[in-house]
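1. 3D model of this:
(one chain, ligands or ions: 1)
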Amino acid sequence: MPASSTDTPARLLGISGSLRRASNCTAVLRALPALLDGRASLDVMTLHDVPPYNADLEGEALPEGVRRLRQAITEADALVICSPEYNYSIPGVLKNAIDWASRPSFASPLKGKPALIVTASPGLFGGVRAQAQIRDLLAATLARPVARQHVAIPAVDKKIVDGRIADEPTALLLGAALDDLLAELALVNAGRP
Ligand code: FNR
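-> Alright, predicted model coming up:
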């Protein structure tokens, strides 16, 4: 059962679209609990252990990394996806993970799950070109991507310093976006479409 807004803190799952050890996107996710004021917990998951999607494996024992990904999504009340754009698009590892998590179609752990989309880049545009693509991908799974202005963080390498958000406008943007995610979760918990 999802946590309600009035009892236990919500459980958020952060999914990083980058496998890089020094990933800015993973660093953004790890910095988010400071903005949550105890309203929610946030676990961060990377996608190192998720193999390429193969429908043959769905009929057999699921790969352990896939099983853990799907379980983490199931147990989370809501998701925060933070990803770079690669060549103006979604990194393959993120697309692949969503494909695995999207099965069976329209009845998967992603169905109905509120999801905040964050993109980040050291460049000028904050990975914004991947935003609509991630949103469309989530729509195909019947997840509930939060409807709001883009949360795209340019020059991200200057904004997360020593694991903390070192830029006030970025902290305000991310804080407002998390508020919107928790508001979406409250709608879900209230049974609202
Ligand atoms: C990139 N990068 C990039 N950046 C961007 O703003 N727009 C783009 O289209 C691309 N394309 C791209 C393709 C490939 C294959 C790589 C490896 C990189 C740069 C990318 O944003 C940068 O490496 C980020 O730092 C990656 O995110 P993490 O690993 O720091 O989270």
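
2. remind me which residues of the chain are low pLDDT?
-> 1-7 (pLDDT under 70).

3. can you give me the strands in it?
-> Taking DSSP state E, the strands of the chain run over residues 10-16, 40-45, 78-83, 114-120, 144-145, 151-153, 160-161, 164-165.

4. Name every strand pairing with the fifth one and say which way it goes.
-> Partner strands and pairing direction for strand 144-145 (DSSP bridges) are strand 114-120 (parallel).

5. Provide the contact partners of the strand it pairs with at residue level.
-> With C-beta atoms under 8 Å, 6 or more residues apart in numbering as the test, strand 114-120 has contacts from 24-25, 28, 77-85, 126-128, 130-131, 134-135, 138, 143-146, 150-154, 156, 174, 177-178, 180-181, 184-185, 188. Using the backbone N, CA and C atoms, a C-beta is placed for each residue, glycine as well.

6. and the residues you listed, which of them are in helices?
-> Residues of these located in helices (DSSP state H): 24-25, 28, 131, 134-135, 138, 174, 177-178, 180-181, 184-185, 188.

7. Relative to G92, how far out is the residue nearest the centre of the chain?
-> By C-alpha atoms, centre = their mean, the chain has its centre lying nearest to I81, at 1.8 Å. Taking C-beta to C-beta, to the nearest Å as the measure, I81 falls 15 Å from G92.

8. repeat for R30
-> 23 Å.

9. circling back to that earlier point, list, out of the contacts of strand 114-120, those positioned next to the ligand.
-> On the criterion C-beta under 6 Å from any ligand atom, 24-25, 84-85, 127 are the entries of the contacts of strand 114-120 that sit beside the ligand.

10. For those residues, work out which two are farthest apart.
-> N24 and E85 (12.3 Å; C-beta to C-beta).

11. can you list residues touching both of the two?
-> S121.

12. Can you name the residues of this protein that neighbour the ligand?
-> Residues of the chain lying close to the ligand by C-beta under 6 Å from any ligand atom are 18, 20, 23-25, 84-88, 121-123, 125, 127.
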